[in-house]
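[1] Pasting the sequence and the predicted model now:
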Amino acid sequence: MSETYRLRVPGTSANLGPGFDAAGLALGLYNDLSVTPIGGAAISLAVEGEGADSLDPQDNLIIEAYRRAFELLQKPAPGVRLESFNRIPLARGIGSSSAAIVAGIAAAQVVSAGALSLAAAIDLASAMDGHPDNVLPALVGGICVACRDQEGHVYWHRIDPPQGLYAMVLIPDYPLPTGKARQAMPEAYSSEEAVYNIGHYGLAVAAFMSGNLALLKEALKDRLHEPYRLPLMPGMARMRELALDAGALAAPVSGAGSTMLVLSDKPLAAAPFMAQAAEEKIKLQVLKVPIIAQGVQRTDTETEMVLWP
């Protein structure tokens with residue numbers, strides 16, 4: 001009987017205010033993937049949970065990433081049966097696409113007995129997603145900052161989640177596709193806007209690395225994407241106001257939206273957000289989730305095992 005590998009891939013929150021396409025963090029909200037080699041060349045995928053009624057099991061990022069990983073290894077992709085249980089909502093800005101990409105690459109890693117280097121996995125995932133801010137924390141965990149050179153190689157640094165930093169995600173019941181969110185942004189910016197974001201991004205990295213969380217109140221402000229995306233997210237501007245009034249350090253748009261990430265130095269109550277959502281007739285899911293230190297892991301072993309130590 002073929003061995004079945006079990007993988008757990010975290011959701012992510014990207015951009016973190018001024019770190020557009022360059023910063024992200026891993027969240028304790030997971031998709032699970034079981035991987036069973038079956039011989040031959042047939043690859044199948046079954047999906048349960050989020051997206052089960054909308055994702056095409058034959059045209060899916062998990063399968064595409066699995067195949068492309070073996071193309072990198074210059075080997076035919078072995079036949080495999082994949083079963084995904086999704087908890088990460090689709091098109092909400094918390095890394096559903098990145099989790100699928102990382103799941104497919106991780107599946108190739110276990111089937112190939114660890115043939116992919118971490119650098120190759122990161123570069124492939126970033127090429128498929130278009131940027132490293134979501135896929136990188138899904139692979140390595142923590143808070144990540146990154147850039148790519150002209151050849152597509154990713155340069156990155158991982159920061160352990162600071163002690164005393166709490167996260168909450170406010171997930172409305174409407175999607176905001178990444179393409180639509182990007183189309184809302186201007187094609188050019190002023191030097192003033194660029195300098196503003198550069199300064200705030202640098203301060204945000206310093207705040208995360210030093211644990212000086214009070215700096216995040218200013219550091220996570222943005223002028224490049226949030227002013228254009230927030231109008232596409234009904235009710236969420238008011239949610240940000242509520243979060244800041246309740247003592248949150250910051251409430252950046254998560255990824256392309258429609259979710260909002262709330263960061264604080266103390267636990268916050270969900271009740272005010274749910275009451276506001278009811279008033280505005282918005283269905284809202286409020287999740288208190290940890291910022292996690294680990295990326296994708298194997299869970300079929302006695303202890304959870306990272307794929308790229």
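    Perfect, thanks for sending it.
[2] In three-state terms, how would residue 6 be classified?
    Recorded secondary structure, residue 6: strand (DSSP: H, G, I helix; E, B strand; the rest coil).
[3] Just the CA atoms of whichever helix or strand residue 33 is part of, as CSV, please.
    For residue 33, the host element (DSSP states H and E) is strand 23-37. Extracted in CSV, the C-alpha atoms of strand 23-37 (Å, rounded to 0.1, in the frame of the first residue of the first chain):
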residue,chain,number,x,y,z
ALA,A,23,6.0,41.8,3.1
GLY,A,24,3.7,39.2,4.6
LEU,A,25,3.2,37.0,7.6
ALA,A,26,1.9,33.5,8.3
LEU,A,27,-1.4,33.0,10.0
GLY,A,28,-2.7,30.0,12.1
LEU,A,29,-5.4,29.3,9.6
TYR,A,30,-4.7,26.2,7.5
ASN,A,31,-5.5,24.1,4.5
ASP,A,32,-4.6,20.4,4.7
LEU,A,33,-3.5,18.2,1.8
SER,A,34,-3.1,14.5,1.7
VAL,A,35,-0.7,13.1,-0.9
THR,A,36,-0.8,9.5,-2.0
PRO,A,37,1.5,8.3,-4.8
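[4] Output the below-cut-off pLDDT ranges for this protein.
    Along the chain, the model assigns pLDDT under 70 to residues 1.
[5] Which strands or helices does the strand holding residue 33 pack on?
    Applying 3 or more Cβ pairs under 8 Å, 6 or more residues apart in numbering; DSSP states H and E, one finds that strand 23-37 contacts strand 5-14, strand 80-86, helix 96-111, helix 135-140, strand 143-148, strand 166-172, helix 191-210. Yep, even glycine has a C-beta here, placed from its N, CA and C like the rest.
[6] can you give me the helices for the stretch 151-300 of the chain?
    Secondary structure of the stretch 151-300 of the chain by DSSP state H, counting those that start in this stretch: the helices cover 178-183, 191-210, 216-219, 226-229, 236-245, 271-279.
[7] now the ones you listed in a markdown table, with distance to residue 164 and mean neighbour count?
    What follows is the helices of the stretch 151-300 of the chain, written out as a markdown table (distance: least, Cβ to Cβ, whole Å; neighbours: other Cβ atoms under 10 Å):
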| stretch | distance to residue 164 | mean neighbour count |
| --- | --- | --- |
| helix 178-183 | 31 | 14 |
| helix 191-210 | 12 | 16 |
| helix 216-219 | 12 | 20 |
| helix 226-229 | 25 | 18 |
| helix 236-245 | 17 | 17 |
| helix 271-279 | 21 | 15 |
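[8] care to break the chain down by domain?
    Following the assignment in automatic domain parsing, the chain carries domains at 5-160+292-306, 166-288.
[9] Endpoint to endpoint, the last one covers what distance?
    What it means is domain 166-288. Start-to-end span of domain 166-288 (Cα to Cα, to the nearest Å) is 8 Å.
[10] burial of residue 16, as a residue count?
    The number of residues packed around residue 16, counting by other Cβ atoms under 10 Å, is 30.
[11] How about the one 3 residues further on?
    By other Cβ under 10 Å, 27 other residues sit near residue 19.
[12] Check the one 10 residues further on too.
    Residues lying near residue 29 (other Cβ under 10 Å) number 21.
[13] Kindly report the same for residue 282.
    By other Cβ under 10 Å, 19 other residues sit near residue 282.
[14] nearest to residue 49, of the helices and strands packed on strand 23-37?
    When those are compared by Cβ to Cβ, strand 80-86 sits nearest residue 49, at 4.0 Å.
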